[in-house]
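[1] 3D, please:
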Amino acid sequence: MGILLVNRGSVQFADDHDHWRKGFCRLLEIEEPQAREFIENTIDAAERIFGRSLSNIGEEEKITCLFEAVNETLYKGKRKEIEADREIDFTDLRGPEGEVPDKIFAHSISGNSEYMVIGNEIEEFAWLVDAKTKSPVTADSVTYDTNYFAPSENNHYGMKEYTSQIEWRLEKARRIMDLVVANAGTRGDKWTKDPGTVRMLDVGSGIGYFRQAAQTLGFEHHGIDLSPDIIKQCKQTFGFDTWQGRVENLREIAGGHRFHLITMFDVIEHLEKPRAVITMLKDFLADDGTLVIRTPNLAAQEAEILGDYYYSFKLDHVRYFSANSLNEMMHSVKMKSVFSETASHLFKGILGVDYLFKLGQARRGADILALYEHA
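    Numbers count the residues shown, from 1 in each chain. Now for the predicted structure:
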């Protein structure tokens, strides 16, 4: 039946084995004993605060219990003290593109107090800073070598088990590509009827999971990536050639190519100046083309609950958006929204899929998937 926690003859928590290990434990970067402790602390909070079992309280009460579990399990009971101790003066601080901050979104990166995430609360964007200097962390501080894609020691950095979880990640890529096609409107219908005419560019293409999914759909596909190591593994795994270099240098690399579909899956959060990159990519997008962005949601309820331990606050993520601020940025460079959704799954064993669906509809899910066209 999967992972169950039973109390007083009633199931208080349920999850399937695959999600428990590849979702809950992997994302929070904790081992199963600590993950069990987290769930037990959530259930104990329901009894202590509300005098009822977790299965017999409402959704908002469960959120309160999750806050308690995060404090006890991850912050070791010191969340309020940590947050009160790290207030800063925003007066002279600016973001990578001149943005004005007014809020600390993370006082550390999962307990690593050398870094913070600051930004603007109303406009819903943020960036990673050095905690001592409050200076933005630069994109070139990240080295995309073999260790980045299979790190064993660096916590909250890199793509853990990225090259070893081939079947799972490929299935996920296929599912997301199907979602893109289904929500591209009349373009998606055209792509389905004549897939061989579709030319796709995957920015930050990595080992090639999304390119393999595109090939399954019948699309012509190209990829660009910064890492020579992952480009080599892409060739070995799927046989694809990949352009090597920064996306900012695409003009020198791709020449006069134009694409019907440009995808940026989990890429924009790695860019210091995403506005400039999107402006450049527009020149490579066909007149009837679609640009796809997938990125963590700064305004996710999971970010509010987990605080510093929100799994998308990472040492290699230098920029953060909400669904609203992403749309605002795209509008500013004359790109129009075609489709946008957010989705969450981490706490499905506690909150249930119906609540998480409604959370996504309210644009508070943890992952943003957005499609844009020329305005």
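
[2] Tell me how the protein divides into domains.
    Following automatic domain parsing, one finds the domains of the chain at 3-73, 86-141, 157-374.

[3] Could you say which of those is packed most deeply?
    domain 157-374 (a mean of 19; mean count of other C-beta atoms under 10 Å). Glycine gets a C-beta too; all of them are placed from N, C-alpha and C.

[4] In contact with residue 318, which residues are there?
    96, 127-128, 136-139, 141-142, 269-272 (C-beta atoms under 8 Å, 6 or more residues apart in numbering).

[5] Let's see that with 6 Å instead.
    128, 137, 139, 272 (C-beta atoms under 6 Å, 6 or more residues apart in numbering).

[6] got JSON lines for those residues, with distance to residue 104 too?
    JSON lines is the format used below for those (distance: C-beta to C-beta, whole Å):
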{"residue": "128", "distance to residue 104": "12"}
{"residue": "137", "distance to residue 104": "15"}
{"residue": "139", "distance to residue 104": "22"}
{"residue": "272", "distance to residue 104": "20"}
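
[7] Tell me where the stretch 251-375 of the chain has helices.
    Here the stretch 251-375 of the chain has its helices, by DSSP state H, counting those that start in this stretch, at 274-282, 301-306, 323-332, 348-351, 353-361.

[8] Can I get these in TSV including mean pLDDT and distance to residue 17?
    TSV is the format used below for the helices of the stretch 251-375 of the chain (pLDDT from 0 to 100; distance: least, C-beta to C-beta, whole Å):
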stretch	mean pLDDT	distance to residue 17
helix 274-282	96	37
helix 301-306	98	21
helix 323-332	97	31
helix 348-351	94	12
helix 353-361	95	17
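
[9] So which of those is nearest residue 71?
    helix 301-306 (10.2 Å; C-beta to C-beta).

[10] contact partners of the closest one?
    Counting by C-beta under 6 Å, 6+ apart, residues outside helix 301-306 touching it are 66-67, 70, 310, 344, 346, 359, 364, 366.

[11] how much space between residue 306 and residue 106?
    In this view, residue 306 and residue 106 are 9 Å apart by C-beta to C-beta, to the nearest Å.

[12] Please look at residue 229 and residue 144 and confirm they touch.
    No - under the criterion of C-beta atoms under 6 Å, residue 229 is not in contact with residue 144, lying 7.3 Å apart.

[13] So what's the model's average confidence on stretch 148-164?
    Across stretch 148-164, pLDDT averages out at 81.

[14] first to last residue in that stretch, what's the distance?
    13 Å (C-alpha to C-alpha, to the nearest Å).

[15] Next: stretch 74-93.
    Span of stretch 74-93 from end to end, C-alpha to C-alpha: 29 Å.

[16] residues in contact with it?
    71, 101-102, 107, 134, 309.

[17] what is residue 5 paired to in the beta sheet?
    Beta-bridge partners recorded for residue 5 (DSSP bridges): residue 13.

[18] three-state assignment of residue 162?
    Look at residue 162: counting by DSSP: H, G, I helix; E, B strand; the rest coil, its state is coil.

[19] now stretch 284-293, how far from the chain's geometric center?
    Offset of stretch 284-293 from its chain centre (C-alpha atoms, centre = their mean, to the nearest Å): 21 Å.

[20] got it, and stretch 299-310?
    With C-alpha atoms, centre = their mean, you get 12 Å for stretch 299-310.

[21] Could you work out the end-to-end span of that stretch for me?
    Rule used - C-alpha to C-alpha; the end-to-end distance of stretch 299-310 is 11 Å.

[22] can you check stretch 123-136 too?
    With C-alpha to C-alpha, one end of stretch 123-136 sits 18 Å from the other.

[23] What does the pLDDT read for the residue nearest to residue 113 when sequence neighbours are not counted?
    In space, and not counting its chain neighbours, residue 113 is closest to residue 131: 6.0 Å by C-beta to C-beta, 6 or more residues apart in numbering. At residue 131, the model reports a pLDDT of 95.

[24] picking that back up, go through the contacts of helix 301-306 and name the one nearest residue 155.
    Once C-beta to C-beta is applied, the member of those that ends up nearest residue 155 is residue 310, at 13.9 Å.

[25] Could you pull up the residues touching that closest one?
    Neighbours of residue 310 in contact, by C-beta under 6 Å, 6+ apart: residue 303.

[26] Next: residue 14.
    4, 349.

[27] Chain neighbours aside, what residue packs nearest to the most centrally placed residue in the chain?
    Nearest to the geometric centre of the chain sits residue 296, at 3.0 Å (C-alpha atoms, centre = their mean). Excluding the flanking residues, the one nearest residue 296 by C-beta to C-beta, 6+ apart is residue 312, at 3.4 Å.

[28] Which pLDDT value goes with the nearest residue to residue 24 once chain neighbours are set aside?
    Sequence neighbours aside, residue 35 is the residue nearest to residue 24 in space, at 5.8 Å (criterion: C-beta to C-beta, 6+ apart). Looking at residue 35, its pLDDT is 96.

[29] Can you verify my assumption that residue 35 contacts residue 25?
    Yes - counting by C-beta under 6 Å, residue 35 touches residue 25, with 5.0 Å between them.

[30] need the contact list for residue 274.
    residue 268.

[31] From residue 100, how far out is it?
    Taken as C-beta to C-beta, the span from residue 274 to residue 100 is 17 Å.

[32] How about the helix or strand bottoming out on mean pLDDT in the chain, which residues are buried there?
    Lowest on mean pLDDT, DSSP states H and E among the helices and strands of the chain sits helix 146-149, with a mean of 86. Neighbour-count burial for helix 146-149, counted by 16 or more other C-beta atoms under 10 Å, picks out 148-149.

[33] who's in contact with it?
    By C-beta under 6 Å, 6+ apart, the list of residues contacting helix 146-149 reads 158-159, 162-163, 229-230.

[34] So residue 81: helix, strand or coil?
    At residue 81, secondary structure determined by three-state DSSP is helix.

[35] If anything else comes up later, I'll come back, but that's it for now.
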